[in-house]
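Need a 3D model of the following:
(4 chains)
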Protein chains: 4
Amino acid sequence: MKETFIKELTKVELKNPIMVEGLPGLGLVGKIAIRYLVKQLKCQKFAYLYSPHFPYFVLVNKKGNVRLLRGTFYFWKNEKGQNDLILFTGDSQAQTIEGQYEISNRILDMAEQYNVKLVITLGGYRMETKDKPKVIAAATSQNLLERALKANAIVSPMGSPIVGTAGLILGLAPFRKIEALSLLGETRGYLPDPKAAKSVLEVLLKILNVEVDLSDLDGEIAKAESMVARLQKIEEKRASQAEEMRKSEDKKITYIS
Amino acid sequence: MKETFIKELTKVELKNPIMVEGLPGLGLVGKIAIRYLVKQLKCQKFAYLYSPHFPYFVLVNKKGNVRLLRGTFYFWKNEKGQNDLILFTGDSQAQTIEGQYEISNRILDMAEQYNVKLVITLGGYRMETKDKPKVIAAATSQNLLERALKANAIVSPMGSPIVGTAGLILGLAPFRKIEALSLLGETRGYLPDPKAAKSVLEVLLKILNVEVDLSDLDGEIAKAESMVARLQKIEEKRASQAEEMRKSEDKKITYIS
Amino acid sequence: MKETFIKELTKVELKNPIMVEGLPGLGLVGKIAIRYLVKQLKCQKFAYLYSPHFPYFVLVNKKGNVRLLRGTFYFWKNEKGQNDLILFTGDSQAQTIEGQYEISNRILDMAEQYNVKLVITLGGYRMETKDKPKVIAAATSQNLLERALKANAIVSPMGSPIVGTAGLILGLAPFRKIEALSLLGETRGYLPDPKAAKSVLEVLLKILNVEVDLSDLDGEIAKAESMVARLQKIEEKRASQAEEMRKSEDKKITYIS
Amino acid sequence: MKETFIKELTKVELKNPIMVEGLPGLGLVGKIAIRYLVKQLKCQKFAYLYSPHFPYFVLVNKKGNVRLLRGTFYFWKNEKGQNDLILFTGDSQAQTIEGQYEISNRILDMAEQYNVKLVITLGGYRMETKDKPKVIAAATSQNLLERALKANAIVSPMGSPIVGTAGLILGLAPFRKIEALSLLGETRGYLPDPKAAKSVLEVLLKILNVEVDLSDLDGEIAKAESMVARLQKIEEKRASQAEEMRKSEDKKITYIS
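Model prediction:
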């Protein structure tokens, strides 16, 4: 394995497929969104992506079995609509610049092979917010961007870069005559953020004209919020203890003198 | 895209073209200078340079459209003179050593293809100065250097390295039998420095024997200087507050004892 | 040498060989274990592995002779049992991500060439413990894992990664239809840890059904423990001196006031 | 230039040449030694080595002319003895691990091409010493090492690594059936150290059985020592000022209380 490569598990016939990508990144937004879709739509694996640019460790599952880091392609047959789906997520982004370009290109190779005309990449957008996370959109064409805006996304502020695979796919897609759209959910980004993932999914599903019940995400959101609250309490306690300490130090100095 | 490559947009016929390069670097001097020329001379794009050695993000423009980082080649037909121009600038320098060599060589491939005999690279030279920025010159031949000195450049101090693409092009050009000259404007280098870019352009235009009105740069220079002044005031205020703080701490200690 | 390569010293015929790998890592557990086996079983060298991904220095031996960093393959003819052994250890792990993948693949090339069906990788597992170090197992198949558990290994906690060559071999082996097992001895990991190596060897020998007297490791274990004790005393002394210092500083302040 | 390459300037016929290498490293010992030989023996350049693994800047000479970083091969015709010499030095070592291996191999390609049977690498060995610097030797064979010991070198302590090109050449030479010896002068290593270079040259010239007047190095040694003395005075002054400061702070606290 000198280069990133794709191992196909089965051959599938797909009807006008749209590809949706979400690797780990800010708030794990893209990965949470893809995993949720895979589960709810009962998607099936059909290919793995391996790369020597992933980190050099392996993962152990709960049975003690081991596997290489990888990306996974899933497909979903859309019985009611015009577009089947290819979903892609994985364990990690590439660890080197050249690896980032290489992996983004391998994903687009797969898109070309399945005659994909549109790739949508999902991710997070760093923003301190207490409101419902907004979804930022950027695209390779004005038409496509407007489809996202109609689905309640907002335009990305000019000049803000989109980092990693979610961005590079948009940069590289036009070389293949493929259109690409990025949907980024506002997130503080430090912890897994299912709330941002839900916002992203709402926009995505509207664009795809696919119905998926998102209420199963609410349990995860509640858990994530209670963890944030707990961490904030710990932080406040630490801060007030530090304040106490400072005051008692002040007194001590007073007594000494 | 495993390697840096150039995508030509149109074929152009150029008459004894001179190439002028200015990528982002110290004080953005080279990039500001090239962009100003492109605008004033109404130059036209004719090729892009893409590279997996650029940073792994994409840029979003004001309409929400996205593009890969790239370099751009422009041309200008010189109606009155002997030499047409090829101008090159871009979003970023390469992020790896090997990438720096590779991109400099691709730029020189383009120079060879268009039968360029002279490449001039523009950049900044770190120097604390309040006077009009001087322009430092270095060249692949003594003749060429003297052309720069006659145009009011001064000789680069011995042993001072020229870092990045502006330097490597000079190092690599002789392998192609191409002459190369570097013009570096004195700059503190922390902020975009249109004043240094203006100095560089004055020397460049004299060498090229091309007339361009540089007065439109004065607005940018005034803006940049008022920003520097503002930053200095903030810094002075911060320093005097720190001094106040120190004094009041001294008093506090006195009271305690 | 643009790539990792193997230099065979002699051709050997091996009967159903099992390969055991142990490069330097946490507590040097894998390397200590392999070196002990090599010595006790009087194994013979038969190949070296060289790589431009090893660190760029050479080692000097006690006679003043020099050699490149390398890995070494040893073999052992098993007179009483079904499986001969190939042992592999070396001076260093690869220093780059791509090098880690490349070296692990070269080791597996060697395994394929000798028709190896099972590779066992040895290493350390970071854990603060005063008890006899446990041995953590992870494997490419459930069957294989159970062989390790019967030999007193315990299952690796889910999600904990196995870093470096010991891990990547497990990740890459299935592409070659080779089974692989990792045995990791609990170790604090800061110093060479022969005690963890002994635990690992006990499990390994049980799996291999090979008898080796491990008592010669006890001298090394005693030495290592006395060094740890010495370091702890130094640390305690340092801490108590710092405490003394703090108290005398307190007094000084009191006198001053 | 995707790879390190050698550009030959002239073809030369050499009689049983020995190659001596000294790139910049600890105390610049190797480079100072080679440059001194080049000057005293009036050696002639005959080839350059260029590499994309050198740092990405170019150097400006006193005339304002520019050149790429490079290594230079010189030759010397030995009228009185059996062995001509090839000397190699340069501006820099490679900046990446793979580059270190690649450049060392290109140097050995050149050695093979000229039928060199012995390469001697020069460098520094970090040691705090006020005595005449000793010269540490390491070699690819016992015979060769003994030649160095007879010339007053001492054996390298076991296990101490030789870092960089000076070391890798020794590690890689045996693959070409070339013998190699490293001579390392003791140096503190922070500043250019002509004294260590002189020690190394004394041993080298004895081994080569070539006579070169080393007294011209004494001026450089005196200059280097006066600079060290000056730096030490500055350091002592700084330390005593800090002590003064501390004392006056103590008093200030006393007055306050």
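
For the stretch 101-250 of chain A, just list every one of the strands.
Chain-ordered strands for the stretch 101-250 of chain A, with DSSP state E, counting those that start in this stretch as the definition, fall at A:118-126, A:135-139, A:154-155, A:162-163, A:179-187.

just so I know, which of those lies nearest residue B:231?
Residue B:231 lies closest to strand A:118-126 among the strands of the stretch 101-250 of chain A, at 25.0 Å (Cβ to Cβ). Glycine gets a C-beta too; all of them are placed from N, C-alpha and C.

From the contact counts, what lies against that closest one?
If contacts are counted by 3 or more Cβ pairs under 8 Å, 6 or more residues apart in numbering or on different chains; DSSP states H and E, strand A:118-126 sits against strand A:18-21, helix A:29-40, helix A:97-113, helix A:165-172, strand A:179-187, helix A:194-208.

just checking, what packs against the fourth one?
Contacting helix A:165-172 under the criterion 3+ Cβ pairs under 8 Å, 6+ apart are the following elements: strand A:18-21, helix A:97-113, strand A:118-126, strand A:179-187, strand B:57-60, strand B:66-68.

how far off helix A:29-40 does the fourth one point, in degrees?
Per axes from the mean of the first three to the mean of the last three Cα atoms, to 10 degrees, the angle that strand A:179-187 makes with helix A:29-40 is 100 degrees.

For the strands of the stretch 101-250 of chain A, give me JSON lines that also has mean neighbour count and mean pLDDT.
Listed next are those as JSON lines, based on neighbours: other Cβ atoms under 10 Å in any protein chain shown; pLDDT from 0 to 100:
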{"stretch": "strand A:118-126", "mean neighbour count": "25", "mean pLDDT": "96"}
{"stretch": "strand A:135-139", "mean neighbour count": "28", "mean pLDDT": "95"}
{"stretch": "strand A:154-155", "mean neighbour count": "16", "mean pLDDT": "92"}
{"stretch": "strand A:162-163", "mean neighbour count": "21", "mean pLDDT": "92"}
{"stretch": "strand A:179-187", "mean neighbour count": "28", "mean pLDDT": "96"}
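
Quick one, which of these gets closest to residue C:166.
Nearest to residue C:166, of all those, is strand A:162-163, at 31.9 Å by Cβ to Cβ.

distance between that closest one and the chain's centre?
Taking Cα atoms, centre = their mean, to the nearest Å, one finds strand A:162-163 lying 12 Å from the centre of the chain it belongs to.

Also stretch A:193-210?
With Cα atoms, centre = their mean, you get 11 Å for stretch A:193-210.

try stretch A:215-229
That offset, for stretch A:215-229, works out to 17 Å (Cα atoms, centre = their mean).

Please point out which parts of that stretch sit buried.
A:217, A:220, A:224 (16 or more other Cβ atoms under 10 Å in any protein chain shown).

now it: mean pLDDT?
Averaging pLDDT along stretch A:215-229 gives 89.

in chain A, what residue is nearest chain C?
Nearest residue of chain A to chain C (Cβ to the nearest Cβ) works out as residue A:68 at 3.2 Å.

ok, now how distant is residue A:215 from residue A:201?
Separation of residue A:215 from residue A:201 (Cβ to Cβ, to the nearest Å): 12 Å.

Closest residue of the stretch 101-250 of chain A to chain B?
For the stretch 101-250 of chain A, Cβ to the nearest Cβ, closest residue to chain B: residue A:171, 3.1 Å.

Can you read off the pLDDT for that residue?
pLDDT, residue A:171: 94.

cool, the one 5 residues further on as well?
At residue A:176, the predicted lDDT confidence score is 94.

What ranges in chain A fall below the confidence cut-off?
Within chain A, the segments meeting pLDDT under 70 span A:159, A:245-257.

ok so, going back, dump the residue contacts of the residue of the stretch 101-250 of chain A closest to chain B.
If a contact means Cβ atoms under 8 Å, 6 or more residues apart in numbering or on different chains, then residue A:171 has A:104, B:58, B:66-69 as its contacts.

Quick check: bridge partners of residue A:21?
Per DSSP bridges, the residues bridged to residue A:21 are residue A:88, residue A:121.

count of residues packed around it?
27 (other Cβ atoms under 10 Å in any protein chain shown).

swap in residue A:113?
So residue A:113, with other Cβ under 10 Å, has 11 neighbours.

repeat for residue A:1
Count around residue A:1 with other Cβ under 10 Å applied: 17.

ok, it - contacts?
Shown in contact with residue A:1 (Cβ under 8 Å, 6+ apart): A:50-52, C:101, C:105, C:172, C:175.

picking that back up, how much space is there between the residue of the stretch 101-250 of chain A closest to chain B and residue B:52?
11 Å.

ditto for residue A:32
Following Cβ to Cβ, the distance that separates residue A:32 from residue B:52 is 29 Å.

ok, now residue A:185?
Per Cβ to Cβ, residue A:185 is found 28 Å from residue B:52.

again with residue A:188
The gap separating residue A:188 from residue B:52 is 31 Å, by Cβ to Cβ.

and those two? which has more neighbours close in?
Taking neighbours as other Cβ under 10 Å, residue A:188 and residue B:52 compare with residue B:52 leading, 26 against 16.

Write out the residues of the stretch 1-150 of chain A neighbouring chain B.
A:97-98, A:100-102, A:105, A:137-142, A:145 (Cβ under 8 Å from any Cβ of the partner chain).

ok so, going back, closest one to residue A:5 among the helices and strands packed on helix A:165-172?
Residue A:5 lies closest to helix A:97-113 among these, at 7.2 Å (Cβ to Cβ).

still on that earlier bit, of the contacts of residue A:171, which pair is most distant in space?
A:104 and B:67 (14.2 Å).

neighbour-wise, which of the two wins?
Taking other Cβ under 10 Å, residue A:104 and residue B:67 do not tie; residue A:104 has more neighbours (29 against 16).

ok, now which ones touch that one?
Counted by Cβ under 8 Å, 6+ apart, residue A:104 has contacts A:165, A:168-169, A:171-172.

Pick the one among the residues you listed closest to residue C:42.
Residue C:42 lies nearest to residue A:165 out of the contacts of residue A:104, by Cβ to Cβ, at 51.8 Å.

How much space separates the residue nearest to residue A:20 when sequence neighbours are not counted from residue D:76?
Spatial nearest neighbour of residue A:20, excluding adjacent residues (Cβ to Cβ, 6 or more residues apart in numbering or on different chains): residue A:120 at 4.8 Å. For residue A:120, the distance to residue D:76 (Cβ to Cβ) stands at 68 Å.

right, and the residue nearest to residue A:20 touches residue A:30 too?
No: between residue A:120 and residue A:30 there is no contact, the gap being 10.3 Å when judged by Cβ atoms under 8 Å.

Right, I'll leave it there.
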